[in-house]
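Asks: Starting from these lines, generate the structure:
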Amino acid sequence: MVTRVPWIVVAAGLALAGCKKSGPAAGASGGKAAGFGIQVIAVPAVRQPVLESVSLVGSVVPNEMIEVKAETDGTVKEIRFREGERVAQGDLLVALDDTKAAAQLHEAEARLKLAQTSLARVEQLYKDRLISQAEYDAATSEAAEKAAVVEVKRRELRDTRVTAPFSGFTGARLISPGQVITKSLRLTGLVDLDTVKVEVEVPERYLSQLHVGQPVEFRVAAFPKDRFKGEIYFISPQLDTALRTALVKARIPNADGKLRGGMFANLDLGIQLRDSALVIPEPAIINNGDATFVFAITDTNTAAMKPVQTGLRLAGKVEVLSGLVAGEKVVVEGVQKLRPGVPVTLAEGAALLPYLEPKP
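Replies: Predicted coordinates:
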């Protein structure tokens with residue numbers, strides 16, 4: 001809460017404070033203000049660590065994410081996964097009709113066996129010097145060619161089985177048994193969420209404060225009470241020339257599976273820690289145009305208006321760069337009633353606790 005005091009009121013208060021009262025009352029009090037002081041709540045300015053951070057919005061992305069497709073055309077024979085279930089690396093997801101591929105493999109293996117038998121006879125004839133080098137080379141080349149064909153057919157047979165390349169969660173099923181598919185057709189998706197990444201564009205002026213291994217903290221709308229922690233592992237060496245920002249990535253453990261790809265991440269990126277900053281409660285601040293003041297309590301228990309220079313705004317607190325010293329008391333409640341030089345009475349006890357306790 002920030003209090004604004006019109007300049008005319010401040011000027012009037014300063015004028016009244018500079019005037020001396022005349023008459024018996026003033027003489028009887030020895031020059032001190034008569035009557036009871038205005039009751040206020042005041043707390044001392046204290047030194048404490050302050051972390052300067054910048055708030056950015058990023059995106060949560062899975063550690064790994066792919067579209068699952070077959071490597072060959074065919075007919076869906078069997079679907080071995082359920083939507084949204086966890087699968088392990090190597091698990092069978094989809095099986096295509098493999099009868100044609102299996103028959104072609106058997107044919108290729110038979111041709112290879114015949115070529116290898118012929119090569120064995122040719123080798124013996126070559127050793128006996130009954131055939132030429134060219135005939136021997138031709139037989140050797142034919143056997144090697146048939147062996148290569150067998151490997152191709154074995155691969156085509158394996159391609160009828162679509163397996164998970166890594167452990168993760170399957171997406172929506174986009175095919176049905178008996179469906180004729182092409183190798184460009186998406187069958188489902190697969191995402192690894194054991195660890196997730198947060199990608200954020202960081203303005204150029206903050207890059208000097210970042211480094212690999214630096215901790216980060218962020219929140220997501222789905223779990224507003226939770227704070228997720230990770231660390232930076234990548235800072236782009238190239239800036240976006242249009243926005244003058246650099247892509248920064250952080251890695252976050254996600255064992256409980258709360259974080260999903262595509263979530264907005266409200267990131268608090270710590271860029272500078274000041275170990276001994278002077279802070280006061282935010283309600284003590286009085287703004288008037290470009291000027292900022294506080295009411296401080298003097299040794300004679302009167303209010304004194306002091307100009308201050310503020311720095312970082314925290315949760316319920318403000319950093320003071322100049323104008324106050326540690327231990328100096330500032331008024332946090334009752335500011336509206338005060339004028340410079342007015343006597344004050346300090347409240348004590350429970351009323352001070354909300355201001356003295358650290359804010360989370």
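
Asks: Can you name the next helix or strand after the helix or strand bottoming out on mean pLDDT in the chain?
Replies: Within the chain, no helix or strand scores below helix 24-28, which has a mean of 38 by mean pLDDT, DSSP states H and E. For helix 24-28, the following helix or strand on the C-terminal side (DSSP states H and E) is strand 38-44.

Asks: Which strands and helices lie in contact with that following strand?
Replies: Counting contacts by 3 or more C-beta pairs under 8 Å, 6 or more residues apart in numbering; DSSP states H and E, strand 38-44 is packed against strand 329-333, strand 344-346, helix 353-356. Quick note: C-beta positions are derived from backbone N, CA and C, even for glycine.

Asks: ok, residues contacting the longest one?
Replies: So that's strand 329-333. 40-45, 280-281, 283-284, 294-297, 303, 324, 338, 344, 346-347, 351, 355 (C-beta atoms under 8 Å, 6 or more residues apart in numbering).

Asks: Any of the residues you listed buried? List them.
Replies: 40-45, 280-281, 283-284, 294-297, 303, 324, 338, 344, 346, 355 (16 or more other C-beta atoms under 10 Å).

Asks: Mind checking the pLDDT average for stretch 222-230?
Replies: Throughout stretch 222-230, pLDDT has a mean value of 93.

Asks: C-alpha coordinates for it, CSV please?
Replies: Taking Å, rounded to 0.1, in the frame of the first residue of the first chain, the C-alpha atoms of stretch 222-230 are listed here in CSV:
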residue,chain,number,x,y,z
ALA,A,222,-2.5,-25.7,-12.8
PHE,A,223,-0.7,-25.9,-9.4
PRO,A,224,-0.5,-22.3,-8.1
LYS,A,225,0.6,-23.4,-4.6
ASP,A,226,3.6,-25.4,-5.9
ARG,A,227,7.0,-24.0,-6.7
PHE,A,228,9.1,-26.0,-9.1
LYS,A,229,12.9,-25.8,-9.0
GLY,A,230,15.6,-26.7,-11.6
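
Asks: Buried ones in that stretch, by neighbour count?
Replies: Buried, per 16+ other C-beta under 10 Å, within stretch 222-230: Phe228, Gly230.

Asks: And the contacts of it?
Replies: Taking C-beta under 8 Å, 6+ apart as the rule, stretch 222-230 contacts 198, 215-220, 250-253, 258-259, 263, 265.

Asks: do you know how far Ile286 is from Ala45?
Replies: 15 Å (C-beta to C-beta, to the nearest Å).

Asks: rewinding a little: generate a PyMOL selection restricted to the buried subset of the contacts of stretch 222-230.
Replies: To isolate the buried subset of the contacts of stretch 222-230 in PyMOL, counting by 16+ other C-beta under 10 Å, use the following:
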select buried, resi 198+216+217+218+219+220+250+251+252+259+263+265
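
Asks: Filter the contacts of stretch 222-230 down to the ones in strands?
Replies: Among those, the residues falling in strands (DSSP state E) are Val198, Pro215, Val216, Glu217, Phe218, Arg219, Val220, Ala250, Arg251, Ile252, Pro253, Ala265.

Asks: doesn't Leu269 make contact with the third one?
Replies: Yes: the pair Val216 and Leu269 qualifies as a contact (C-beta atoms under 8 Å) at a distance of 5.9 Å.

Asks: Give the buried residues for the lengthiest helix in the chain.
Replies: What stands out as the longest helix in the chain, according to DSSP state H, is helix 99-127. The neighbour-count check on helix 99-127 (16+ other C-beta under 10 Å) flags Ala101, Leu105, Ala108, Glu109, Arg111, Leu112, Ala115, Leu119, Val122, Tyr126 as buried.

Asks: what packs against it?
Replies: Short answer (3+ C-beta pairs under 8 Å, 6+ apart): helix 99-127 packs on helix 133-158.

Asks: Also compute the angle for the helix it packs on relative to helix 99-127, please.
Replies: 160 degrees (axes from the mean of the first three to the mean of the last three C-alpha atoms, to 10 degrees).

Asks: So for helix 133-158, mean pLDDT?
Replies: On average, helix 133-158 scores 95.
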